[in-house]
Each structure stands twice: as C-alpha cells, then as structure tokens.
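# Here is a sequence with its predicted model. Questions after.
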Amino acid sequence: CGLFCSQNYPLYIRSVPTENELKFHYTVHTSLDVVDEKISAMGKALVDQRELYLGLLYPTEDYKVYLCYVTNSKVKFVMVVDSSNTALRDNEIRSMFRKLHNSYTDIMCNPFYNPGDRIHSRAFDTMVNSMMMQVC
C-alpha cells in the first residue's frame, strides 16, 4: 500500500510481508508512470466524472497493481495485491480504498500535520495493517 503526493514522493508505504519490501517499493514506484499516463489520457474526463477510482493499473506474474484515487490535491493511493488472491473482488478493493481515503482525510484534518510530510500515525498504521491482514 502506498500514498504519494503530487510530486510522486512517498507519504506512506507499507508492505506485508516485509521480506520482499524492496520489490514492493519498486513495483509501487514504477506504477506511478502508468498512473501519470492514465491521468493524462483521461484528461478533463477524470475531473468531470468525479470518479476517483481508476481500477487495475496492470497485472504482473506475481501481483496486481491497483490505483484507487487521484484526489483533487493529486495525492495518489496505490495498492499491490498478490495475483493468486482470486477471492478479492473489485467492490472489496473499492471499499478498502474508501477506508484508506477516509483515514487519510482524518490525518489531513489534524492541525499538527503539515501537508506533504510523511505520515507517522499509529491509528493510520493500525488501519492499514488490519486492512492488509484481511487481504492476506
């Protein structure tokens, strides 16, 4: 799971299990190129639709890379899921991203958080970890 600001640097990245963390970081960062291509291809239609969920970005042999939202402030939410997990449906992915977006909104409402800083929140970590354990 990863959150990226408009300049594509990470605000938050978490992977479970942590053995292949570097591989997950690489996959999430390379997906940002695909995100930029999709956004530029959609152009104004994305703004008019108000649909922030972009769906499956691309599948690989091992993973499925999803992008949930590109918010109005250009924050990007990316999630990488194991390809062998066939029980996970698109509606479940959407609800997980809604939960993630709501938690991010709670952080943004915190007067002590400076927008653009890395996210260091126990409540956010707990929510992300519980969401990831549901998927695993």
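In hand now; what should we look at?
# what bits of the protein have low per-residue confidence?
Counting by pLDDT under 70, the ranges of the chain that qualify are 42-52, 66-68, 85-88, 135-136.
# Kindly recompute the last result at 80.
Within the chain, the segments meeting pLDDT under 80 span 16-20, 34-73, 81-91, 93, 133-136.
# Run through the helices of it in chain order.
Counting by DSSP state H, the segments of the chain that form helices are 21-42, 44-49, 90-108, 122-135.
# Output the ones you listed as a markdown table; include the columns distance to Pro115 and mean neighbour count.
C-beta coordinates here come from the backbone N, C-alpha and C atoms, glycine included. Conversion of those to a markdown table gives the following (distance: least, CB to CB, whole Å; neighbours: other CB atoms under 10 Å):
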| stretch | distance to Pro115 | mean neighbour count |
| --- | --- | --- |
| helix 21-42 | 19 | 15 |
| helix 44-49 | 21 | 10 |
| helix 90-108 | 7 | 15 |
| helix 122-135 | 15 | 14 |
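# could these go into a markdown table alongside distance to Asn72?
Rendered in a markdown table, the data for the helices of the chain read as follows (distance: least, CB to CB, whole Å):
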| stretch | distance to Asn72 |
| --- | --- |
| helix 21-42 | 13 |
| helix 44-49 | 9 |
| helix 90-108 | 12 |
| helix 122-135 | 20 |
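# Nearest to Leu3, out of these?
Distances from Leu3 to each of these were compared using CB to CB; the shortest belongs to helix 90-108, at 6.5 Å.
# Keeping just the C-alphas, turn that closest one into PDB.
Taking C-alpha atoms only, helix 90-108 is exported to PDB below (Å, rounded to 0.1, in the frame of the first residue of the first chain):
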ATOM      1  CA  ASP A  90     -13.400  -5.100  -7.400                       C
ATOM      2  CA  ASN A  91     -16.100  -3.900  -4.800                       C
ATOM      3  CA  GLU A  92     -13.900  -5.100  -2.000                       C
ATOM      4  CA  ILE A  93     -10.900  -3.200  -3.400                       C
ATOM      5  CA  ARG A  94     -13.100  -0.100  -3.700                       C
ATOM      6  CA  SER A  95     -14.200  -0.400  -0.100                       C
ATOM      7  CA  MET A  96     -10.600  -0.900   1.100                       C
ATOM      8  CA  PHE A  97      -9.600   2.300  -0.700                       C
ATOM      9  CA  ARG A  98     -12.500   4.200   0.700                       C
ATOM     10  CA  LYS A  99     -11.400   3.200   4.100                       C
ATOM     11  CA  LEU A 100      -7.800   4.300   3.300                       C
ATOM     12  CA  HIS A 101      -9.000   7.600   1.900                       C
ATOM     13  CA  ASN A 102     -11.200   8.300   5.000                       C
ATOM     14  CA  SER A 103      -8.200   7.600   7.300                       C
ATOM     15  CA  TYR A 104      -6.000   9.900   5.100                       C
ATOM     16  CA  THR A 105      -8.700  12.600   5.400                       C
ATOM     17  CA  ASP A 106      -8.600  12.200   9.200                       C
ATOM     18  CA  ILE A 107      -4.900  12.800   9.200                       C
ATOM     19  CA  MET A 108      -5.200  15.900   7.000                       C
END
